[in-house]
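**Student:** Sharing a sequence plus its predicted fold:
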Protein chains: 2
Amino acid sequence: MRLVALAGGTGASKLLRGLLPLLDDPRDLTIVVNTGDDTELWGLHISPDLDSVCYTLSGLGDVRRGWGLRDETFHALEHMARYGEPTWFGLGDRDLATHIYRTRLIRAGRTLSEVTALVAAGLGVPPRVLPMSDDPVRTRVLGPDGWLGFQEYFVREKAAIEVRAVEYTGAEGAAAAPGVAASLREADAVIVCPSNPVTSIGPILSVAEIAAALADTAAPVIAVSPIVGGDAVSGPAGRLMASRGLPVSPAGVARAYAPWLDTLVLDERDAAAAGSVRAEGARPVTAATLMVDAAAETALARSLLEALR
Amino acid sequence: MRLVALAGGTGASKLLRGLLPLLDDPRDLTIVVNTGDDTELWGLHISPDLDSVCYTLSGLGDVRRGWGLRDETFHALEHMARYGEPTWFGLGDRDLATHIYRTRLIRAGRTLSEVTALVAAGLGVPPRVLPMSDDPVRTRVLGPDGWLGFQEYFVREKAAIEVRAVEYTGAEGAAAAPGVAASLREADAVIVCPSNPVTSIGPILSVAEIAAALADTAAPVIAVSPIVGGDAVSGPAGRLMASRGLPVSPAGVARAYAPWLDTLVLDERDAAAAGSVRAEGARPVTAATLMVDAAAETALARSLLEALR
């Protein structure tokens, strides 16, 4: 079964980690990753979601902290403070190697797709990992004092400011990365991971070729709601959905993906919302969606595969 | 007293650390540092001698190891090995911050002089630290299998191969960095640190403006011999001098600096070589030159200042 997953960072990485052991061949899975929150810091090209996915699926990720690499230290960051460089973004020492490597290759003319394949191979990530686009698409958030890059909003401001608008700079004219549109068209099923619909999946959908491939594909599309009990499991998805006029509910998630969504997996505790999901045109399926440990990750992945059968 | 020091890495850093407490105002000292062994690794601009001087004089250097920063770790290096990048150059995590910072500023169009001033200020280095040139001058070594960059020879090959020639690529046409020639002309004394005459001081002298300023200056020029007891105190200076046809002795050092050297400080155990130094046209002064601890560093610096009186 050829699976394609649309992925943001943490929630996506956990679901995909749970999914891997259930696949006959992990190379049948293609992961299309958000690059809207890529940023440049200290002159380095940072791709937080690509790294989250690769670190998690290589088994090198810090499971407890939920981001970055295991046994991480922050000595470069400490020293960088002496030079007055920004230190609000927690770049770890091991993690820095990835950013330095990526930056060198991109400056040498390699595409983000090519670099991502090399990073994934270096780390031993079994599935195929693709950035959504090799062109820079950047999520920006309009706060009370003007536009911010996504990481400025999310990390520096701790997502604690009011959001008036979200845009995907560069989306117009951005091409899908090689393999993305074809993999969606040829898929047997498409999984939309439990990621932020506005700032994780939204940027992926902002690439016209990807939206078109999703509209065209004959494959069933199944999404997992990141909204449980009226708010996001983690992060600012709730407030961002509200800022877009979407209900902060499984129905709001279904509406965000309405043109092509077939099935929405919502949490058991939201079972009462099944009707509102159906009203948005999607088939509701309930499951335990809180991935509190490895067993829960795999159980959710299994529910997904069952819903696809 | 306006002092100018010509400096390589370790030996120079130790002497200058010993000198600092003897100065009325550390800002009266200008240090002109070799950049011939600068290199690019992982896409980062590395300036080993500039960093040695700045790390040592800021008190942040690793005194026991003799290079790099205190409390250093090598986690980025470990992780970088996964990507197949070269790992023979021991870039520490704290140290990486300096290289990342320098690289960002140079790519943004700042000169190495400007960056060096910012690094020195960030670390709290009291004297003025200048690269010899803002233009790339690179020491290359001809080994049995062809030309190598200096770090390839010194670190990767551990200086264990035969050297057939040394050249300073880019020296022709390289300008002295701003302030270098003027500081030499206006100095009250010039100190040539106990650094490798071929690959630490040699590149500095390969910049025509600097050689001319040394020939012109009215200031006395005093050097400390890095050769003691017929070999270098550390590193491959002996073999490199031999490859240039220079005697591996204090007299060989005096000959390397002959056009403008006034005084050579040689080690007490080489007192018998005083006549041969005089024959090269320099005044010999003996002192304890092995800087085995902080007291010895300051004692040697004091001997130097006394010889200048």
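**Tutor:** Nice, I can see it.
**Student:** Quick one: end-to-end length of stretch A:184-200, please.
**Tutor:** Length of stretch A:184-200, first residue to last, Cα to Cα, to the nearest Å: 18 Å.
**Student:** Let me see the mean pLDDT of it.
**Tutor:** Mean pLDDT, taken over the full extent of stretch A:184-200, equals 97.
**Student:** Which positions in it come out as buried?
**Tutor:** Residues A:184, A:187, A:189-200 are the ones in stretch A:184-200 that count as buried (16 or more other Cβ atoms under 10 Å in any protein chain shown). For glycine as for every other residue, the C-beta is placed from the backbone atoms N, C-alpha and C.
**Student:** Among these, which lie within helices?
**Tutor:** Mapping these onto helices (DSSP state H) picks out A:Leu184.
**Student:** Show the contacting residues for A:Gly43.
**Tutor:** A:Gly43 sits next to A:Thr103, B:Ile100, B:Thr103, B:Arg104, B:Arg107, B:Ala108 when contact means Cβ atoms under 8 Å, 6 or more residues apart in numbering or on different chains.
**Student:** For the third one, give me its contacts.
**Tutor:** Listed by Cβ under 8 Å, 6+ apart, the contact set of B:Thr103 reads A:Gly43, B:Gly43, B:Leu44, B:His45.
**Student:** hmm, try it at 6 Å
**Tutor:** The contact partners of B:Thr103, by Cβ atoms under 6 Å, 6 or more residues apart in numbering or on different chains, come to B:Leu44, B:His45.
**Student:** Phi, psi for it please.
**Tutor:** Main-chain dihedrals, B:Thr103, degrees, to the nearest 10: phi -60, psi -40.
**Student:** same thing with A:Ala5?
**Tutor:** Note on A:Ala5: its backbone torsions stand at phi -110, psi 140 [degrees, to the nearest 10].
**Student:** Next one: it, what pLDDT does it get?
**Tutor:** You'll see A:Ala5 listed with a pLDDT of 98.
**Student:** now A:Ala177
**Tutor:** Note for A:Ala177: predicted pLDDT of 98.
**Student:** same thing with A:Asp231?
**Tutor:** Looking at A:Asp231, its pLDDT is 85.
**Student:** which residues touch it?
**Tutor:** Shown in contact with A:Asp231 (Cβ under 6 Å, 6+ apart): A:Gly238.
**Student:** Let me know the secondary structure of the closest residue to chain B within the stretch 101-250 of chain A.
**Tutor:** Ranked by Cβ to the nearest Cβ, the top residue of the stretch 101-250 of chain A for proximity to chain B is A:Arg104, at 3.2 Å. Look at A:Arg104: counting by DSSP: H, G, I helix; E, B strand; the rest coil, its state is helix.
**Student:** re earlier: reformat the buried residues of stretch A:184-200 as TSV; add distance to A:Ala301.
**Tutor:** Below are these laid out as TSV (distance: Cβ to Cβ, whole Å):
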residue	distance to A:Ala301
A:Leu184	20
A:Ala187	16
A:Ala189	12
A:Val190	15
A:Ile191	9
A:Val192	14
A:Cys193	10
A:Pro194	11
A:Ser195	15
A:Asn196	20
A:Pro197	20
A:Val198	24
A:Thr199	23
A:Ser200	18
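**Student:** now, which of the buried residues of stretch A:184-200 sits nearest A:Asp95?
**Tutor:** Comparing the buried residues of stretch A:184-200 against A:Asp95 with Cβ to Cβ places A:Ser200 closest, at 19.6 Å.
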